[in-house]
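J.: here's a sequence, model it:
(one chain, ligands or ions: 1)
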Amino acid sequence: MKVLLTGGNGFVGSHLLDRLVANGIPTQLLLRRSAALRWVECHLHNAPIGIHYGSLSDPTSLKGALLGITHVIHCAGATKAASRQEFFRANQGGTSNLLKALSEADHAVKQIIFISSLAASRPATSSDPAQEEDSPQPVSAYGQSKQAAEETLKAQSPSPYLIIRPPVVYGPRDTEFFRIFQSFRYRYLPLLNRGKQELSLIYVKDLAAVVLSALLNPRLTNETLNVATVQAIRVHSLLEEVAKVMRKTPTFIPLPVPVLWPACLTSEFLAKWTATPTLLSRDKYKEIRAPGWVADTTKLHHLIDDFSPTSLEQSLDATVKWYSQQGWL
Ligand SMILES: NC(=O)c1ccc[n+]([C@@H]2O[C@H](COP(=O)([O-])OP(=O)(O)OC[C@H]3O[C@@H](n4cnc5c(N)ncnc54)[C@H](OP(=O)(O)O)[C@@H]3O)[C@@H](O)[C@H]2O)c1
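T.: Numbers count the residues shown, from 1 in each chain. Okay, here's the model as predicted:
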């Protein structure tokens, strides 16, 4: 077995790499020349890990990346962008270019695992969680671009594939969910819509464990799989859990969601003006305004029997400890 891992230097990808290394699986990283290596450099000298420099947006650079590859984990993608086109270029275009390279390779790979997102599915609450087969209704350009990537994979994949849909991912090395931990430095915290939105979550190390399990025991062929550990938690309860782990007692100030609108509008305008990717946009507003992003995980529990996720308390605690050790908090 030899794996090609895209996005291996990013937050999720670097945890996938840790797992691949721990299992002694030879891995080739597809990295851009500009890629930061801080989460992967520890593996570059003493493990069967190689780097192929190239970009998913440059098809010619992908030639050679597939030499000797038997499996692909396609984790690269844009989670923030300056425009809708940028999301589609990175997520759908990048996937399409990778598939083209796979189709033109002189051998077929045995499996392609694609890290998609619950955002490709639909808003959902615990009373009607999103199932893998539900008709997709993504509300943001990000979700739509991931959904388009899924469709491209289904239509063009030359090999058996597995689409993995994680919800919000948290854990060491993350810089987005991290903002929640960071906000606890303040005494007063805004609570949008009384924190009623329901979320599924997954700890990054649990996600990596599921991906490795799917790689080593490929029981799922041409399937889509929701992968979440905390099945549904209200934002208010989540914040209380974080407060407990951080030993903080903030005062929550309930605010209506529309107060976020001007900030989203301004951030989106600045992003377009400066061509800098942003997370806060009118699209993000649509995701935040949704009643919930809850995944049905029945299929996960049926199909992966060795799945033993970390508890929310333990995983939040490990995450906070990591941020503290790094001096981020
Ligand atoms: N984080 C979450 O909460 C979450 C939730 C659901 C799904 N996901 C999915 O998980 C995947 C990883 O997300 P993440 O949070 O780990 O993001 P991240 O830290 O920003 O990592 C993204 C990775 O994709 C790479 N990449 C982007 N465009 C590329 C291109 N044209 N060619 C080659 N590599 C490219 C980046 O490389 P550079 O370092 O060179 O930019 C980076 O390694 C994404 O597909 C995302 O949609 C994430």
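J.: now for C75: which residues touch it?
T.: By CB atoms under 8 Å, 6 or more residues apart in numbering, the contact set of C75 is L5, T6, G7, G8, G10, V12, G13, L16, I115. Every C-beta, even on glycine, is put in place using the N, C-alpha and C of the backbone.
J.: ok, so of the residues you listed, who is nearest the ligand?
T.: Nearest to the ligand out of the contacts of C75 is G10 (CB to the nearest ligand atom; 2.2 Å).
J.: neighbours around that closest one, how many?
T.: Each residue near G10 was counted by other CB atoms under 10 Å, and the total is 22.
J.: what does L329 give?
T.: With other CB under 10 Å as criterion, L329 counts 15.
J.: can you say which of the contacts of C75 are buried?
T.: L5, T6, G7, G8, G10, V12, G13, L16, I115 (16 or more other CB atoms under 10 Å).
J.: so which of these are also by the ligand?
T.: Filtering the buried ones among the contacts of C75 for proximity to the ligand by CB under 6 Å from any ligand atom leaves T6, G7, G10, V12, G13, I115.
J.: and the fifth one, helix, strand or coil?
T.: Spelled out, it's G13. helix (DSSP: H, G, I helix; E, B strand; the rest coil).
J.: could you find the closest non-adjacent residue to it?
T.: G7 (3.9 Å; CB to CB, 6 or more residues apart in numbering).
J.: list the contacts of that neighbour.
T.: Here G7 is in contact with G13, H74, C75, A76, G77, I115 (CB under 8 Å, 6+ apart).
J.: quick one: the residues you listed as JSON lines, columns for secondary structure too.
T.: What follows is those, written out as JSON lines (three-state DSSP):
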{"residue": "G13", "secondary structure": "helix"}
{"residue": "H74", "secondary structure": "strand"}
{"residue": "C75", "secondary structure": "coil"}
{"residue": "A76", "secondary structure": "coil"}
{"residue": "G77", "secondary structure": "coil"}
{"residue": "I115", "secondary structure": "strand"}
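J.: reformat the residues you listed into a markdown table and put distance to S55 and pLDDT next to each item.
T.: Below are the contacts of G7 laid out as a markdown table (distance: CB to CB, whole Å; pLDDT from 0 to 100):
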| residue | distance to S55 | pLDDT |
| --- | --- | --- |
| G13 | 15 | 98 |
| H74 | 14 | 98 |
| C75 | 15 | 98 |
| A76 | 9 | 98 |
| G77 | 13 | 98 |
| I115 | 18 | 99 |
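J.: can you say which helix or strand has Q85 in it?
T.: Using DSSP states H and E, Q85 sits within helix 84-88.
J.: that helix packs against which elements?
T.: helix 141-156 (3 or more CB pairs under 8 Å, 6 or more residues apart in numbering; DSSP states H and E).
J.: coming back round to it: just curious, which of the ones next to the ligand among the buried ones among the contacts of C75 is nearest to L56?
T.: T6 (6.6 Å; CB to CB).
J.: number of residues surrounding I69?
T.: I69: 21 surrounding residues under other CB under 10 Å.
J.: ok, and the closest non-adjacent residue to it?
T.: L4 (4.5 Å).
J.: now the one you found: which helix or strand?
T.: Assigned by DSSP H and E, L4 falls within strand 3-6.
J.: what does I202 give?
T.: For I202, the element it lies in under DSSP H and E is strand 198-203.
J.: quick one: list the elements packing against that strand.
T.: For strand 198-203, the packing partners by 3+ CB pairs under 8 Å, 6+ apart come out as strand 168-170, strand 230-234, helix 235-246, strand 292-293, helix 312-326.
J.: elements contacting the helix or strand just after the shortest one?
T.: Which is strand 292-293. The first helix or strand that comes after strand 292-293 along the chain, using DSSP H and E, is helix 298-303. Counting contacts by 3+ CB pairs under 8 Å, 6+ apart, helix 298-303 is packed against strand 223-226.
J.: list the contacts of the strand it packs on.
T.: With CB under 8 Å, 6+ apart as the criterion, strand 223-226 contacts 116, 118, 121, 130-133, 150, 162-165, 167, 200, 214, 295-297, 299-300, 303.
J.: same question for stretch 58-70.
T.: Stretch 58-70 is contacted from outside by 1-4, 28, 30, 52-56, 97-98, 100-102, 105, 107, 109-110, using CB under 8 Å, 6+ apart.
J.: start to end distance for it?
T.: 22 Å (CA to CA, to the nearest Å).
J.: which parts of the stretch 51-200 of the chain sit against the ligand?
T.: Counting by CB under 6 Å from any ligand atom, the stretch 51-200 of the chain sits next to the ligand at 55-57, 75-79, 90, 94, 115, 117, 146, 166, 168-169.
J.: any idea which of the residues you listed is closest to the ligand?
T.: Out of those, the member with the shortest distance to the ligand (by CB to the nearest ligand atom) is G77, at 2.6 Å.
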